[in-house]
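A.B. asks: Got a sequence here, can you model it:
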Amino acid sequence: MKHFYLIVDTETTKKQTVADFGAVIVTKQGEIVEQVGHLVNGHFGKFPLFSDPLADPDAFWSEQSAQRRLKDYDQMVEDGHRSIAGVGLINQWLVRVNAQYAPVLTAYNVSFDLGKCRNTRINLGIFAERFCLMKAAKRKIGVLAEYQQFCIDRGLMTEGGKGLIKNPKPQMTADAMAKFILGDSLEDEPHTALEDARDYEAAILTHILRDTTRKQLLEIGR
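C.D. replies: Sure, this is the predicted structure:
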């Protein structure tokens, strides 16, 4: 029996709702059989994109960056790379792919995306099985000596520890994981929903599935 996986990614608003919804249906072999990317009507443009008011102006999640990201989204709509769709249309697509493929639901931080979709009335609760891709990636890739050395060599480290004692650890982001799998030529993750799911998270899932069964994946991604 052929198994399918639904990878969902979201970019959010300051109201904790979804501004940008992206998803791909992928096989175990990494074939993407369907994809969708929509800016969510009633949320995108109505509420400001998420930003951190304390972030440095040059940081990706700064308020200044949010203004640039908004302009980039407007350009994507103009270029035909995004459409604006209502929640009802997104839910219709989810119902159809559930009936057609019965996919296992995942996201790089599935609890985050589930919560933001719930706030937006995007119904991910219809899928019978789900797991967290980030948890699975940490347990299958993050523990590898090769991955840890990859991050050390490229400065892909995050500071850990408390107080004056620092214990840098390899990043467990989708960006770092995907670069380990696909190579240094991969551009930085754009943090746009469809592209993140299709070009980064799908590669991570396919890599894990090379030596992991669906049952095992559901276990390690709980």
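A.B. asks: Name the surrounding residues that touch the lowest-mean-pLDDT helix or strand in the chain.
C.D. replies: Counting by mean pLDDT, DSSP states H and E, the chain has its least confident helix or strand at strand 157-158, which shows a mean of 92. Applying C-beta atoms under 8 Å, 6 or more residues apart in numbering, the external contacts of strand 157-158 come out as C151, P168, K169, P170, Q171. C-betas here are computed from N, CA, C, even on glycine.
A.B. asks: Mind listing the strands that strand pairs with, and their directions?
C.D. replies: Strand pairing for strand 157-158, using DSSP bridges, gives strand 169-170 (antiparallel).
A.B. asks: Longest helix in the protein, please.
C.D. replies: In terms of residue count, the longest helix belonging to the chain (DSSP state H) is helix 63-79.
A.B. asks: before we move on, back to that, how far does the least confident helix or strand of the chain sit from the chain's center?
C.D. replies: 19 Å (C-alpha atoms, centre = their mean, to the nearest Å).
A.B. asks: Can you select the buried ones from the contacts of strand 157-158 in PyMOL?
C.D. replies: The PyMOL selection below is limited to those of these classed as buried (16 or more other C-beta atoms under 10 Å):
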select buried, resi 151+170+171
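A.B. asks: what's the closest of the contacts of strand 157-158 to I84?
C.D. replies: Nearest to I84 out of those is Q171 (C-beta to C-beta; 33.1 Å).
A.B. asks: Sketch out the low-pLDDT regions of this protein for me.
C.D. replies: 1, 160-165 (pLDDT under 70).
A.B. asks: which stretches of it form strands?
C.D. replies: 4-12, 18-27, 32-40, 83-85, 104-107, 130-132, 157-158, 169-170 (DSSP state E).
A.B. asks: quick one: strands adjacent to the fifth one?
C.D. replies: The reference is to strand 104-107. strand 4-12 (parallel), strand 130-132 (parallel).
A.B. asks: now swap in the second one and tell me
C.D. replies: Strand 18-27 has these partner strands in its sheet, going by DSSP bridges: strand 4-12 (antiparallel), strand 32-40 (antiparallel).
A.B. asks: wait, L105 sits on L133?
C.D. replies: No. Here L105 does not reach L133: they are 10.1 Å apart, not a contact under C-beta atoms under 8 Å.
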